[in-house]
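Asker: here's my sequence, what's the structure:
(one chain, ligands or ions: 3)
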Amino acid sequence: MRLTFLGTGTSHGVPAIGCDCTVCRSENPRNRRTRSSLYVQSETGTAVLVDVTPEFRIQAIATELRRVDAVVLTHAHADHIMGIDDLRRINEIQNGPVPIHGSPETLAVVRRAFAYAFEPGPPGPTCPALELCPWDGNGSAIEVGDLRVVPLPCQHGPFSIHGFLFEEGPRRAAYFPDCNGLPDTTLRELHDLDVMILDGLRPQPHPTHFSLSESLEMLARIGARRSFITHICHLLEHEATQAALPEGCFVPWDGCVLVLP
Ligand SMILES: [Zn+2]
Ligand SMILES: [Zn+2]
Ligand SMILES: [Zn+2]
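Answerer: Ligands and ions are numbered 1, 2, ... in the order given. This is a model prediction of the structure:
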């Protein structure tokens, strides 16, 4: 399994528009974060894209991404779905629609936000071809080639949304980019993980995201072999944050690749 962090930033991205703080003004490329998204590939090349951010095109070009067997959506906030129109290039490359898996609530928002893609008429290059695949209930796995993807509920402020467990043979990785609470039913599934990636927005508490210390506490409880924070805002400088993390915990950057042999 191969995991690529396409983006690691919060909904504003880093730098934030009009901000002169030292992180937003930093010349270190690791302090430049597009909106959070993960690209998961199996040994044989099966590819799952988690969320389609407003910067999907830029992320795809930067990482030479050219295959998407399925999209899975955590939720329908704008920073996670607004790149869907750019799946048109994947339609062209693969000569077919892209399956998009999500909860019925999430896919209802996609259908509304990209209404033109679902109107009758001949398909063409100006309209993405999307196949909406709502999942029923929680915990039923989606099989995509040789990858098994399990949607698992999490709290995101007042919303119950989803993160994902990815399995390929004995390899296990989980991704929860927008989250400030994990129910026991989800925690029970997050064992024997090679990699756990969790929301760790900023030092201060937030109503819909784990703070850094809350995230580290949860990551310690889950006890994956390697732990990563994501959905990071401009209040966390890359190098200083990494230097302060406990052993086995890491701050990723855009384009960072993890290989699980
Ligand atoms: Zn978000
Ligand atoms: Zn800033
Ligand atoms: Zn969100």
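Asker: spell out which parts of the stretch 51-200 of the chain neighbour ligand 1.
Answerer: Residues of the stretch 51-200 of the chain lying close to ligand 1 (Cβ under 5 Å from the ion) are 79, 178. Using the backbone N, CA and C atoms, a C-beta is placed for each residue, glycine as well.
Asker: who's in contact with the nearest residue to Gly145 once chain neighbours are set aside?
Answerer: Leaving aside its chain neighbours, Gly145 sits nearest to Thr46 (3.2 Å; criterion: Cβ to Cβ, 6 or more residues apart in numbering). Remark: with contacts taken as Cβ atoms under 8 Å, 6 or more residues apart in numbering, Thr46 is in contact with 69, 144-147.
Asker: ok, now Thr74?
Answerer: Going by Cβ under 8 Å, 6+ apart, the list of residues near Thr74 reads 50-51, 80, 106, 161-164, 176-178.
Asker: let's see it at 6 Å
Answerer: 51, 80, 161-162 (Cβ atoms under 6 Å, 6 or more residues apart in numbering).
Asker: then Asp254?
Answerer: 7-8, 33-34.
Asker: okay if I get the residues you listed as JSON lines plus secondary structure, pLDDT and neighbour count?
Answerer: Converted to JSON lines, those look like this (DSSP: H, G, I helix; E, B strand; the rest coil; pLDDT from 0 to 100; neighbours: other Cβ atoms under 10 Å):
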{"residue": "Gly7", "secondary structure": "strand", "pLDDT": "98", "neighbour count": "31"}
{"residue": "Thr8", "secondary structure": "coil", "pLDDT": "98", "neighbour count": "28"}
{"residue": "Arg33", "secondary structure": "strand", "pLDDT": "98", "neighbour count": "28"}
{"residue": "Thr34", "secondary structure": "coil", "pLDDT": "98", "neighbour count": "23"}
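Asker: with these in mind, which one is nearest to Ile100?
Answerer: Nearest to Ile100 among those is Gly7, at 18.1 Å by Cβ to Cβ.
Asker: any idea how far that closest one lies from His75?
Answerer: 15 Å (Cβ to Cβ, to the nearest Å).
Asker: show me the beta-bridge partners of Val259.
Answerer: Arg2 (DSSP bridges).
Asker: phi and psi next, for the residue in the stretch 101-250 of the chain that ligand 2 sits nearest to.
Answerer: Nearest to ligand 2, among the residues of the stretch 101-250 of the chain, is His234, at 3.5 Å (Cβ to the ion). Backbone geometry at His234, expressed as degrees, to the nearest 10, gives phi -70, psi 0.
Asker: and the strands in the stretch 1-150 of the chain?
Answerer: In the stretch 1-150 of the chain, the segments counted as strands under DSSP state E, counting those that start in this stretch are 2-7, 37-41, 47-50, 70-72, 98-102, 130-134, 142-144, 147-156.
Asker: just the angle between the first one and strand 37-41, please?
Answerer: If I follow you right, that is strand 2-7. 160 degrees (axes from the mean of the first three to the mean of the last three Cα atoms, to 10 degrees).
Asker: what's near enough to touch Glu237?
Answerer: Neighbouring residues of Glu237 by Cβ under 6 Å, 6+ apart: Val23.
Asker: perfect, that will be all.
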